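S.K.: Predicted model and sequence follow; I will ask about them next.
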Amino acid sequence: MDPAFLAQAFERFRQADGATTRAHGGLGLGLAIVKNIVELHGGHVRAESAGFGHGATLVVQVPLLVDTPEAAVVRSPTERPSARTLAPASAGGMSGLRIIVVDDEEDARELLVTLLERGGALVSAAESAAAAIAAIERERPAVVVSDIGMPGEDGYALIRRIRALASANIARTPVVALTAFARPEDRARALTAGFDDHVSKPIEPSELFAVIASLAGRG
């Protein structure tokens, strides 16, 4: 790690390489989750590194549980909230819509395809900007949902290619940026680049469905 980055390593969505074309995936949440869990146990965590090429050490310190009668008291467990359904009831505007999902990460792609299909959409997936262009020209979707951070050609390169397509109708296809780049300036950059809307990860299904339905004229 760059020593200058050590103090920021545990911040949410913080990555040493923040470029949208980086080869390695991830949202920059892992160390933030570690920090939160450790602190919930009354401990703390820190990162150490002598610099690039010298590796990194993560040090976790938590208090020991003293074996006393007081420590053995069993407390009532906190009731966990029930899991939300994958597709909310408000997905009616999605029925029959043809949508193309663009994401280089297979797991994220499959999750999004499953989510949209359970909402009633007809979904195709593309793993790159080049594959997305071919799918868009072939299938003429109602809406495209694309990640921004992808190796090689990122989402910004893809939206430029879509808007430059020879067919005016296809070039005007509504495109949603679905991304972990969630700051206000990221949203502004996406809209300025040509995206029709910006939805941040982690996915909130009802929000995404509402955005897609609105862009498809069903809002």
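M.R.: Now that the structure is in, tell me what you want to look at.

S.K.: elements contacting the longest helix belonging to the chain?
M.R.: The residue-count maximum for a helix in the chain (DSSP state H) belongs to helix 106-118. Applying 3 or more Cβ pairs under 8 Å, 6 or more residues apart in numbering; DSSP states H and E, we find helix 106-118 packed against strand 98-102, strand 122-126, helix 205-215. C-betas here are computed from N, CA, C, even on glycine.

S.K.: Measure how it sits relative to strand 98-102, angle-wise.
M.R.: Helix 106-118 and strand 98-102 are oriented at 170 degrees to each other (axes from the mean of the first three to the mean of the last three Cα atoms, to 10 degrees).

S.K.: hmm, back to that, and the helices and strands packed on helix 106-118: which comes nearest Ile162?
M.R.: strand 98-102 (10.2 Å; Cβ to Cβ).

S.K.: which residues are in contact with that closest one?
M.R.: Applying Cβ atoms under 8 Å, 6 or more residues apart in numbering, the external contacts of strand 98-102 come out as 109, 112-113, 116, 121-129, 131-132, 135-136, 139-147, 150, 155, 158, 212.

S.K.: ok, now with 7 Å
M.R.: With Cβ atoms under 7 Å, 6 or more residues apart in numbering as the contact definition, strand 98-102 has outside contacts at 109, 112-113, 116, 121-126, 132, 135-136, 139, 141-147, 158, 212.

S.K.: Give me the mean pLDDT for that strand.
M.R.: What strand 98-102 shows for mean pLDDT is 98.

S.K.: What residues sit buried inside that strand?
M.R.: In terms of neighbour count (16 or more other Cβ atoms under 10 Å), strand 98-102 has its buried residues at Ile99, Ile100, Val101, Val102.

S.K.: Could you save these as CSV and add columns showing distance to Val60?
M.R.: Shown next, in CSV, are the buried residues of strand 98-102 (distance: Cβ to Cβ, whole Å):
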residue, distance to Val60
Ile99, 42
Ile100, 42
Val101, 37
Val102, 37
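
S.K.: For His41, state which of those is nearest.
M.R.: Using Cβ to Cβ, Val101 is the member of the buried residues of strand 98-102 that lies nearest His41, at 38.0 Å.
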